[in-house]
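Quick one, fold the following:
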Amino acid sequence: MRDGCVRIAVEAAGINFADMLIVQGRYQVKPPFPFIPGLEVAGTVIEAAPDVTRFRLGDRVMAIPGLGGLAEEVVCPADVAYDIDDQVDWAHAACFPIVYGTAYGSLLWRARLAPDETVLILGAAGGLGSAAVQVARAAGAKVIAAAAGADRLRKAESYGAHHAIDYATTDLKQEIRRLTNGRGVDVVVDPVGGDMFDLALRVVGWEGRIISVGFASGQIPQAPVNLLLVKNVTVIGFFWGEYRQRQPDRVRQAYRDMMSWWRDAKVRPDVTRVFDLAHAATALSLLGERRATGKFAVVT
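Predicted coordinates:
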């Protein structure tokens, strides 16, 4: 066992858009072949290096190994494993670390979201969008969710959104103006990119913040600087993985905060489908086709 590491018997793994990008060679991290995908897991600690004191054998954890999660066991640094409550089931725990960590860090650390500010969540019925709706609501913000289709809007409302807008049938700009009395929103969370980023620029208010957390549309947007200048808008990038490496104690505290919210029923992953390990490739394919709401889990 490598120093500083734990071995986890994987009970479940979460499926993320980034998993699919890694497999396709389109992610910012390109591991050498062969590799096992799987960014996040939940399971039981079955071995720990002698220098690891945080965990004991039998501890229930969720972890972000980065690779190797779609397997029966995985070894990862103890610094990227986190305690979970006994009542949390494996599939939901496995689907928690990345999207909720991203939502929490982007909103509270980078955007410095304040209570009573108004937040627009794009792609609000997806895994990250649903987490962002819940985290923003738990932080005391007024939440506007944007998604395409009535079923997805109902999902977003079930996560706690105050308002839900179907951007496939509604003029998002006009509706945001109506809901905010012409001011625009304070913060936009954008996991979609492409045309949705362009819309975000037009609905964010003066001194607003746009958080770019992904490009599910497949299109990386270009920001017209003149619009940023006129409204004093800040565009913020957020990549969760760097915080795990650079500020592990801060990350650990964030998960403690969110576990408290989970106990209070303020946050909980929406696990919409569970696959067995033999069908993990199917889960990745469906996610890549943008046919998912909430989160997919794979159980061993």
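
neighbours around V230, how many?
By other C-beta atoms under 10 Å, the residues close to V230 number 10. All C-beta spots, glycine's among them, are computed from the backbone N, C-alpha and C.

Unless I misread the structure, it falls within a helix.
Yes - according to DSSP: H, G, I helix; E, B strand; the rest coil, V230 belongs to a helix.

how far away is it from A18?
34 Å (C-beta to C-beta, to the nearest Å).

in the stretch 201-300 of the chain, which spans are strands?
For the stretch 201-300 of the chain, the strands defined by DSSP state E, counting those that start in this stretch cover 204-212, 234-237, 271-276, 295-299.

Could you dump those into TSV with mean neighbour count added?
Putting the strands of the stretch 201-300 of the chain into TSV (neighbours: other C-beta atoms under 10 Å) gives the following:
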stretch	mean neighbour count
strand 204-212	21
strand 234-237	16
strand 271-276	16
strand 295-299	25
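
I'd like these as a markdown table, with distance to C95 appended.
Putting the strands of the stretch 201-300 of the chain into a markdown table (distance: least, C-beta to C-beta, whole Å) gives the following:
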| stretch | distance to C95 |
| --- | --- |
| strand 204-212 | 21 |
| strand 234-237 | 24 |
| strand 271-276 | 5 |
| strand 295-299 | 4 |
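
Which among those strands is found nearest to G14?
Closest to G14 of those is strand 295-299 (C-beta to C-beta; 5.9 Å).

contacting residues for the residue nearest to L227 when sequence neighbours are not counted?
Nearest residue to L227, sequence neighbours excluded (C-beta to C-beta, 6 or more residues apart in numbering): L201, at 5.0 Å. Taking C-beta atoms under 8 Å, 6 or more residues apart in numbering as the contact definition, L201 lies against I210, A223, P224, L227, L228, V233.

For those, which two are the farthest from each other?
Taking C-beta to C-beta as the measure, the contacts of L201 span a maximum distance of 12.3 Å, between I210 and P224.

what sits up against the host helix or strand of R152?
Here R152, judged by DSSP states H and E, is contained in helix 150-158. Around helix 150-158, the neighbours that count as contacts under C-beta under 8 Å, 6+ apart are 121, 124-125, 129-130, 133, 145, 147, 164-166, 270, 293-294.

Identify those among these that sit within strands.
Secondary structure from DSSP state E places I121, A145, A147, A164, I165, D166 of the contacts of helix 150-158 in strands.

pretty sure the last one contacts A124?
Pointing back at D166 there. No - D166 is not in contact with A124 according to C-beta atoms under 8 Å; the separation is 10.7 Å.

Touching both of the two, which residues are there?
Counting by C-beta under 8 Å, 6+ apart, the residues touching both D166 and A124 are A146, A147, R152.

now those residues as CSV including neighbour count, distance to C95 and pLDDT?
Shown next, in CSV, are the shared contacts of D166 and A124 (neighbours: other C-beta atoms under 10 Å; distance: C-beta to C-beta, whole Å; pLDDT from 0 to 100):
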residue, neighbour count, distance to C95, pLDDT
A146, 32, 22, 95
A147, 28, 19, 92
R152, 22, 18, 89
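
do you know how far the residue nearest the centre of the chain is from A145?
By C-alpha atoms, centre = their mean, the chain has its centre lying nearest to V99, at 1.8 Å. From V99 across to A145, the span is 15 Å (C-beta to C-beta).

likewise D83?
Distance, D83 to A145, by C-beta to C-beta: 30 Å.

which of the two has more neighbours?
Using other C-beta under 10 Å as the criterion, D83 and A145 rank with A145 on top: 29 against 14.

so what's that one bridging to?
For A145, the beta-bridge partners are I121, A164 (DSSP bridges).

picking up where we left off before, buried ones among the contacts of L201?
I210, L228, V233 (16 or more other C-beta atoms under 10 Å).

Wait, the last one touches P224, no?
No - with contact defined as C-beta under 8 Å, V233 does not count as touching P224 (10.4 Å).

Same drill for D166 and A124, tell me which one is more crowded.
A124 (31 against 16).

so who does the residue lying closest to K30 once chain neighbours are set aside touch?
Sequence neighbours aside, I22 is the residue nearest to K30 in space, at 7.7 Å (criterion: C-beta to C-beta, 6+ apart). I22 is in contact with V29, K30, P31, P37, L39, L67, counting by C-beta under 8 Å, 6+ apart.

So the fourth one sits against G66, correct?
No - applying C-beta under 8 Å, one finds P37 not in contact with G66, separated by 9.7 Å.

Quick check: buried residues in stretch 36-44?
Applying a neighbour-count criterion of 16+ other C-beta under 10 Å, one finds P37, G38, L39, E40, V41, A42, G43 buried in stretch 36-44.
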